[in-house]
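Enquirer: Sequence first, then the predicted structure:
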Amino acid sequence: MEEEKYGFVHDSEVEEVILRFERMRKNKETCYFDVIEFEAIIDYYLEGNNPAHAFEATSLACELHPNSVPILIRKARVMLEKGRATEALAITKRLENIEPGNYDIYLCKGTALAMLGDITGARRVFDLALLSDSEEQETILYSITSVLQNLNYHEEMIPYLLRLADLEPDFPAHIYDLAYAYDKKGDHRTSVKFYTRYLDEEPFSDSAWYNLGIIYNKTGDYGKSIEAYDYALAINPENTFALFNKANILSNLEKYSEAMDVYREFVEEEPDSLEGLTYLAECYDKTGDEAMARKYYTEAIDITPDFPDPWYGLGLLALTRNRAAESITPLKKAIEIDALNPDYWFSLGKAYIMTGNIKEALRCFRETLQLDGYYDEAWIEIGILVMMTGSYRGAIRILKKVRRISGDLPGVYFLLASSFLHTGNLTDAARALVKASRLDNELLEEYAVLLPEEKLTNAMKRLFRKTN
């Protein structure tokens, strides 16, 4: 029993000590508490997630019992709760000399080291804690895994958690924690194995089915992912995260009608979800229902005007229907909210091209490429603009400067090849095209529109044949 570790027989005795301490605090009285009573008081506040009161109790305890190891251990724990790992570490180093072999001291020291980023040192000290007491292995392992999990040291937690699972085979929560840890480590195959094992024992855990759905989505097993989400929803129909993720998978698979059904169900549960409304609008757009797409984009904007995605969606709604002038205002609004999104700049550039504003289009494409040098559609559009204006020699000067600043980007070399070809410099054109194909030969077909076929040499044409 919990109260027995303090030497108390009944819960009422612990409650009486807490009430006496609270009364002393409230009335600003002076009372005496022995070490055992202070242990109960401090632990009560720590377990109740009240580090401020725990600190106050610890400070008084240290005044009355300055050399008590149990009190000093609790002081270290309080320091850890308050994020003062360096102070906790100093306390544990002092305690190691007073009472070597006390696993509580090692646990505090290991926690402090882990909080300070010394995970190697922390593991070494945690191992000392396990060696110091063969009777309390489960308790020590549970403390270690809890600390490492809270600090996001998931991979380092796994060996301790495997030992704990072996010692407590009838406690399926350890299997769940292992599945989660392996997922965080990036070992999805092993994570699936442990989630499956856990679900064999706890088949009605909607969180386990939900997490399994996430992992299958990561590995590209979309059918299994949807099936896992369906199980999670059958167990807990209010699991809106499962609904949302299922809808996203269906949308990504271009099953827009099915996705719309799930998104609609999601927004019924979460009517203020900006993402849900925006993605539902996108599905309507993909299926050609402009009116409904506009309706849901507008609903999202009405809820939060400073969310850029629905503004962008409205812009694309007009742009893809050849209403470029109409698209400019919402696209500019999206950029005003989030100027670091290259897609927004690129789409605005396309709109300016369609309205004949070449200068603004070039500016937008330059912004796109400053944010993402590998945005190949932007390089191609710039190349088309160069071809339209015939400014090949100026383009070469600019592209050489870009190459010096940005390094080896495939788009730069493809445009250089195009510009050199148009100026009749076949040697430099060939070099640039070979370099571009070495950087990313899969893009040759995309950039072919920029390369005048009548100017290609046989060697250049062979590069294209190799990609087919």
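Expert: Alright, I've got the coordinates.
Enquirer: which outside residues touch stretch 43-52?
Expert: Contact with stretch 43-52 is made by 14, 18, 53, 54, 57, 74, 77, 78, 81, 82, as judged by C-beta atoms under 8 Å, 6 or more residues apart in numbering. Just so you know, the C-beta spots here come from the backbone N, C-alpha and C atoms, and that holds for glycine as well.
Enquirer: I'd like the mean pLDDT over that stretch, please.
Expert: Averaged over stretch 43-52, pLDDT sits at 86.
Enquirer: Same question for it: list its buried residues.
Expert: 43, 44, 45, 46, 51 (16 or more other C-beta atoms under 10 Å).
Enquirer: And for residue 54, nearest residue in space, chain neighbours not counted?
Expert: Leaving aside its sequence neighbours, residue 54 sits nearest to residue 45 (C-beta to C-beta, 6 or more residues apart in numbering; 3.7 Å).
Enquirer: could the buried residues of stretch 43-52 go into JSON lines alongside secondary structure and distance to residue 145?
Expert: Shown next, in JSON lines, are those (DSSP: H, G, I helix; E, B strand; the rest coil; distance: C-beta to C-beta, whole Å):
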{"residue": "43", "secondary structure": "helix", "distance to residue 145": "20"}
{"residue": "44", "secondary structure": "helix", "distance to residue 145": "24"}
{"residue": "45", "secondary structure": "helix", "distance to residue 145": "24"}
{"residue": "46", "secondary structure": "helix", "distance to residue 145": "18"}
{"residue": "51", "secondary structure": "helix", "distance to residue 145": "22"}
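Enquirer: any chance of these in CSV, plus distance to residue 114?
Expert: Output for those, formatted as CSV (distance: C-beta to C-beta, whole Å):
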residue, distance to residue 114
43, 21
44, 25
45, 23
46, 18
51, 18
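Enquirer: quick check, nearest of those to residue 270?
Expert: Nearest to residue 270 among these, counting by C-beta to C-beta, is residue 51 at 34.4 Å.
Enquirer: on that earlier part again, most neighbours out of the contacts of stretch 43-52, which is it?
Expert: Counting neighbours by other C-beta atoms under 10 Å, residue 57 comes out on top of these with 29 neighbours.
Enquirer: just checking, it touches residue 42?
Expert: Yes - here residue 57 reaches residue 42: they are 5.0 Å apart, a contact under C-beta atoms under 8 Å.
Enquirer: Please identify every residue contacting each of those two.
Expert: Here residue 57 and residue 42 share no contacting residue, scored by C-beta under 8 Å, 6+ apart.
Enquirer: Show me what counts as buried in the helix or strand where residue 120 lies.
Expert: Using DSSP states H and E, residue 120 sits in helix 119-132. Neighbour-count burial for helix 119-132, counted by 16+ other C-beta under 10 Å, picks out 119, 121, 122, 123, 125, 126, 128, 129, 130, 132.
Enquirer: residue ranges of the strands in the chain, please?
Expert: Read by DSSP state E, the chain holds no strands at all.
Enquirer: Show me the helices in the stretch 101-250 of the chain, by range?
Expert: Assigned by DSSP state H, counting those that start in this stretch, the stretch 101-250 of the chain shows helices spanning 103-115, 119-132, 137-150, 154-167, 173-185, 188-201, 206-219, 222-235, 240-252.
Enquirer: In a markdown table: those helices, plus distance to residue 421 and mean pLDDT.
Expert: Shown next, in a markdown table, are the helices of the stretch 101-250 of the chain (distance: least, C-beta to C-beta, whole Å; pLDDT from 0 to 100):
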| stretch | distance to residue 421 | mean pLDDT |
| --- | --- | --- |
| helix 103-115 | 60 | 95 |
| helix 119-132 | 56 | 94 |
| helix 137-150 | 59 | 94 |
| helix 154-167 | 52 | 96 |
| helix 173-185 | 50 | 96 |
| helix 188-201 | 46 | 96 |
| helix 206-219 | 43 | 97 |
| helix 222-235 | 43 | 97 |
| helix 240-252 | 38 | 97 |
